[in-house]
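In: Structural data only, the sequence is not supplied:
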């Protein structure tokens, strides 16, 4: 259709990045801030999560080894009935021989990566809220200024 804009034009219009003359400078600044924060999250987020996971992995592998149990003492392997049930709480990791072991270093790695991404997302959202509050104040001040010049003209026409 000749009157219908293409996909990139519609996307730019939806994001507020088009050259619409009715858009105020604060609207354009808000659109660029949103796009910039999204780019920061998509680029720096995975890198921060990978480095946090790498740190957690190395912190988990450099712990002090636990001394082995005496050779004369034999413990029976736990059965399904010995494992904690859902709702009872507690976690149980079983090693190759059936004896309980601590959580793997991978658990800490995943947890660190998720927490890093969550903290980064929350920090970026807080920054976005502060920027939007600042831009809203500027926008309201501009509207007040515009209305102070136009308002008296409108009130003259009313009976």
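Out: Looks like it arrived, so ask away. Bear in mind the structure is a predicted one, so any value in this text is a computation, not a measurement.
In: so what does whichever strand or helix holds residue 140 touch, helix or strand wise?
Out: In this assignment (DSSP states H and E), residue 140 forms part of helix 105-157. Packing partners of helix 105-157 (3 or more C-beta pairs under 8 Å, 6 or more residues apart in numbering; DSSP states H and E): helix 25-61. Quick note: C-beta positions are derived from backbone N, CA and C, even for glycine.
In: List the buried residues of the helix it packs on.
Out: Residues of helix 25-61 classed as buried by neighbour count (16 or more other C-beta atoms under 10 Å): 26, 29-31, 33-34, 37, 41, 45, 48-49, 52-53, 56-57, 60.
In: where does residue 20 land in three-state SS?
Out: coil (DSSP: H, G, I helix; E, B strand; the rest coil).
In: Check whether it really touches residue 14, as I assumed.
Out: No. Counting by C-beta atoms under 8 Å, residue 20 stays clear of residue 14, with 11.6 Å between them.
In: Where does the prediction get shaky in this structure?
Out: For the chain, the stretches with pLDDT under 70 are 1-3, 60-106, 156-159.
In: Check the buried residues of helix 25-61 and tell me the two furthest apart.
Out: In terms of C-beta to C-beta, the buried residues of helix 25-61 reach their longest pairwise distance at 26 and 60, which sit 47.9 Å apart.
In: wait, which of the buried residues of helix 25-61 is closest to residue 115?
Out: For the buried residues of helix 25-61, the nearest to residue 115 is residue 52 (7.4 Å; C-beta to C-beta).
In: is it true that that closest one touches residue 116?
Out: Yes. Assessed by C-beta under 8 Å, residue 52 is found in contact with residue 116 at 4.0 Å.
In: coming back round to it: any idea which of the buried residues of helix 25-61 is the one closest to residue 5?
Out: The closest of the buried residues of helix 25-61 to residue 5 turns out to be residue 31 (C-beta to C-beta; 17.0 Å).
In: dump the residue contacts of the residue lying closest to the closest one once chain neighbours are set aside.
Out: Counting by C-beta to C-beta, 6 or more residues apart in numbering, residue 16 is the residue found nearest to residue 31 once chain neighbours are left out, at 3.4 Å. Residues in contact with residue 16 (C-beta atoms under 8 Å, 6 or more residues apart in numbering) are 23, 27, 28, 30, 31, 34.
In: quick one: residue 16 and residue 22, what's the gap?
Out: Distance of residue 16 to residue 22, given as C-beta to C-beta, to the nearest Å: 11 Å.
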